[in-house]
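In: I would like to see how this sequence folds:
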Amino acid sequence: MASQLLESTWNLVRFTVRRDRIRIPIWVVSISFITILIAGTFTNMYKSEQERQAIAETMRNPAMTAMVGPGYGLDNYTEGAMMSHQMLLFTAIVVAIMSILLVTRHTRAVEEDGQSELIQSLPVGRLSSLTATVIVTVLANMLLAITTGIGLYLLGIESMDLQGSLLYGSALGATGLFFIAITALFAQLSENSRGTIGLSFAVLIVAYLIRAIGDVSNPSVSWLSPLGWILGTEVYVNNYWWPIILTILLSTFITIIALYLHAKRDLGSGLLPTKPGRKHASMFLCTPFGLSVRLQRTGMIAWAIGMLLLGVSYGSVLGDLEEFFAQIEMLEDLLSPVSGYSLTEQFLTLLMVVISMICTIPALMMILKLKGEEKKNRTEHLVARAVSRTRIIGSYITISVIGGFLMLFLSVFGLWAAGSQVMEETISFTIMFQAAMVYLPAMWIMVSLAVLFIGIYPKLSGLCYLYLGYSFFVVYLGSLLQFPDWMGKLSPFGHVPQVPVEEVNYVKLTILTIVALTVTVVGVIGYNKRDLEG
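Out: The predicted structure follows:
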């Protein structure tokens, strides 16, 4: 019986590898290379123990703990401890995103496109397709773990020994395995790829928030998050392997449940009940804009809640941040205080960089939804009627722009609402609002690039996320890793003034806005001229 369920699994493994022969190597090489590159820069940045301990003091504050995790080894802040503390969590999140996208691509997306019916018409086992997907993505994460671990060890840094380096790579791989299992499970529950990705990302966001709250207030709470388990390995400090084993065991258990559910459900259906729609569509739904909103309503609500909670989680530690600054006299020299602004206000600029880039993700998802609808041949139904292409793409652009603004606003509101309750001298909502909204032109440029790719060459639209990832590394980590200034200027976020420490440069913001409008117009023109994908 088992052999019948898994018949032709290895043929499907080869087929899956063939389909992702470019995508998987790009993910693995990019993550490994950036990780190894950043590890190598730490030796040049902080050449003495005194310099490393100085930066360690800045990393003790609650806001940084909420952002990157608890600092193991802060009393002896070696290059290894520094690498684990500052980079492991963010890299693990990237690996989780890789796993979610790869599994969804070969499970729910395949069923939506009707490819599963073709595959199942062949002598293929009921569980072969999902098993092959799990095997390929697991192997990809194992390759990533080995490449990263060996690469870090070969740097020859004294505090990065072989055991710690392999544990660092294993922590990344274990994160990938967990989200492979989670995504495989949600692929059985949801009836479309949009729901699968949305639920998987929701788990990732909740895991991050639980870990952040636990690391700041109660370390025991952090163990409710899989990301908390990964940080619990204390890489390059104590090198605990048991959290990795625990993560692998839980991932295996969830994967078995996903396989069981896959064997029980009907092909193309989801186990979660679908609410029946109305018999007659509303006037709003009969418009391209209304239809676009309806298609993305669930994702927009989920992201809105997530961004509000993200702002609240960061705002809740601002009170402790003030106390932390007051206790450490040397911090004034380390942060180079600006006259007339508190250290908390200066730290606010760092938070806004992170928040604005996170809010750009749903904005990109909203505009790139048009590409997904076109790929599934759903756009043809609109174009065949008296609806112009400009109106169709304009609807998605409008949703993306409005959605990005709402995400940014909710994050700032959560930050202000929580911060005002815990801070003795609160920062006004006006200052926080202005500090966030100056990033809108940069967000619009990212959206305009997505429009450009959709209009000219849709297959390259995924590069928008790669560019956003680059922006995060060079803008957020640029000062920490001492990247050249020109690298930050290659990103639109690198041209945004850091309000309230810096004055609002309306000339720069206007130029960014004009660039965004120009690129958007070019993309719309291209969309009107090119053939739709079939």
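
In: what comes up buried for the helix or strand where residue 401 lies?
Out: Element membership of residue 401, judged by DSSP states H and E, is helix 389-422. Neighbour-count burial for helix 389-422, with 16 or more other Cβ atoms under 10 Å as criterion, is recorded at 389, 392-401, 403-416, 418-420, 422. For every residue, glycine as well, the C-beta is placed using N, CA and C.

In: could you do stretch 239-257 as well?
Out: 239, 243, 244, 247, 248, 250, 251, 254, 255.

In: redo the residues you listed as CSV? Include distance to residue 475 and pLDDT.
Out: Listed next are the buried residues of stretch 239-257 as CSV, based on distance: Cβ to Cβ, whole Å; pLDDT from 0 to 100:
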residue, distance to residue 475, pLDDT
239, 32, 92
243, 31, 95
244, 32, 96
247, 31, 95
248, 35, 96
250, 35, 95
251, 33, 96
254, 35, 96
255, 37, 95
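
In: and of the residues you listed, the nearest to residue 428?
Out: Closest approach between those and residue 428, by Cβ to Cβ: residue 243, at 42.1 Å.

In: quick check, the closest one in contact with residue 227.
Out: No: at 10.6 Å, residue 243 does not count as touching residue 227 under the criterion of Cβ atoms under 8 Å.

In: how far does the helix holding residue 401 sit from its chain's centre?
Out: Put simply, helix 389-422 sits 17 Å off its chain's centre (Cα atoms, centre = their mean, to the nearest Å).

In: could I get the helix or strand following that helix in CSV with only the CA atoms?
Out: Next in sequence after helix 389-422, counting helices and strands by DSSP H and E, comes helix 429-437. Taking C-alpha atoms only, helix 429-437 is exported to CSV below (Å, rounded to 0.1, in the frame of the first residue of the first chain):
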residue,chain,number,x,y,z
PHE,A,429,2.4,61.2,17.1
THR,A,430,3.2,64.0,14.6
ILE,A,431,6.9,63.4,14.9
MET,A,432,6.5,59.6,14.5
PHE,A,433,4.0,60.1,11.6
GLN,A,434,6.4,62.4,9.8
ALA,A,435,9.4,60.1,10.4
ALA,A,436,7.5,57.2,8.8
MET,A,437,5.8,59.0,5.9
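
In: who are the contact partners of residue 185?
Out: 254, 255, 257, 258, 261 (Cβ atoms under 8 Å, 6 or more residues apart in numbering).

In: by contact count, what packs against whichever strand or helix holds the last one?
Out: Right, the one you point to is residue 261. Taking DSSP H and E as the criterion, residue 261 maps to helix 242-264. Applying 3 or more Cβ pairs under 8 Å, 6 or more residues apart in numbering; DSSP states H and E, one finds that helix 242-264 contacts helix 128-154, helix 162-189, helix 226-231.

In: list the contacts of residue 144.
Out: So residue 144 contacts 27, 28, 31, 32, 95, 169, 172, 173, 176 (Cβ under 8 Å, 6+ apart).

In: same check, this time on residue 403
Out: With Cβ under 8 Å, 6+ apart, residue 403 has these contacts: 300, 303, 362, 363, 366.

In: now, which of these sits nearest residue 209?
Out: Among the contacts of residue 403, and counting by Cβ to Cβ, the member closest to residue 209 is residue 303, at 13.4 Å.

In: contacting residues around the closest one?
Out: By Cβ under 8 Å, 6+ apart, the neighbours of residue 303 are 362, 403, 407.

In: buried sites along stretch 4-14?
Out: Under the neighbour-count criterion of 16+ other Cβ under 10 Å, stretch 4-14 has 6, 7, 8, 9, 12, 13 buried.

In: same question, stretch 513-525
Out: For stretch 513-525, burial by neighbour count (16+ other Cβ under 10 Å) applies to 513, 515, 516, 519, 520, 523, 524.

In: what's whichever strand or helix holds the second one in contact with?
Out: Looking back up the chat, that one is residue 515. Using DSSP H and E, residue 515 sits within helix 506-529. Helix 506-529 is touched from outside by 389-390, 393-394, 397, 438, 441-442, 444-445, 447-449, 451-456, 492, 495-497, with contacts defined as Cβ under 8 Å, 6+ apart.

In: kindly recompute the last result at 10 Å.
Out: Helix 506-529 is contacted by residues 367, 370, 374, 388-390, 392-394, 397, 401, 437-458, 492-493, 495-497, 505 when judged by Cβ atoms under 10 Å, 6 or more residues apart in numbering.

In: redo the helices and strands packed on helix 242-264 as a markdown table? Include distance to residue 51 and mean pLDDT.
Out: Formatted as a markdown table, these follow (distance: least, Cβ to Cβ, whole Å; pLDDT from 0 to 100):
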| stretch | distance to residue 51 | mean pLDDT |
| --- | --- | --- |
| helix 128-154 | 21 | 94 |
| helix 162-189 | 22 | 95 |
| helix 226-231 | 24 | 93 |
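
In: compare these and report which one is nearest to residue 106.
Out: Proximity to residue 106 (Cβ to Cβ) singles out helix 128-154 among the helices and strands packed on helix 242-264, at 4.1 Å.

In: that closest one versus helix 162-189: what angle between them?
Out: Interaxial angle, helix 128-154 versus helix 162-189 (axes from the mean of the first three to the mean of the last three Cα atoms, to 10 degrees): 160 degrees.

In: nice, that's everything, thank you.
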